[in-house]
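In: Fold the following, please.
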Amino acid sequence: METSGVSKTELKKLMKEAIISALTERKDLLEDAVSEVILDLKLGLAIEEGDNGEYVTEESIISKLLV
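Out: Numbering: from 1, shown residues only. Predicted coordinates:
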């Protein structure tokens, strides 16, 4: 198996260029990622807000879902 003689600095530069190129050409990828992060944060905040320490049984939840 042949290995290439790419230095750490060269590899870092190539990776940086590839990422910049991908994000420049496909802005939708970054927008989608940021949108998903915001939704995840909002869900986490809603869960924290709704957590009041009171719990219900599984049977209670299932009975309400089946009505």
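In: pLDDT weak spots in this structure?
Out: The chain contains residues with pLDDT under 70 at 1-4.
In: could you show me where the helices are in it, in order?
Out: Assigned by DSSP state H, the helices in the chain fall at 8-25, 27-50, 58-65.
In: Serialize these to TSV and add fields for mean neighbour count.
Out: Every residue, glycine included, has its C-beta placed from N, CA and C. TSV is the format used below for the helices of the chain (neighbours: other C-beta atoms under 10 Å):
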stretch	mean neighbour count
helix 8-25	10
helix 27-50	10
helix 58-65	9
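In: Next one: the residue nearest the centre of the chain from Leu30, what distance?
Out: The centre of the chain sits closest to Val37, judged by C-alpha atoms, centre = their mean, with a distance of 5.4 Å. Distance of Val37 to Leu30, computed by C-beta to C-beta, to the nearest Å: 11 Å.
In: Repeat that for Leu43.
Out: Distance, Leu43 to Leu30, using C-beta to C-beta: 21 Å.
In: for Leu39, same thing?
Out: Separation of Leu39 from Leu30 (C-beta to C-beta) stands at 15 Å.
In: Ok, Leu23 next?
Out: Here Leu23 is placed at a distance of 5 Å from Leu30 (C-beta to C-beta).
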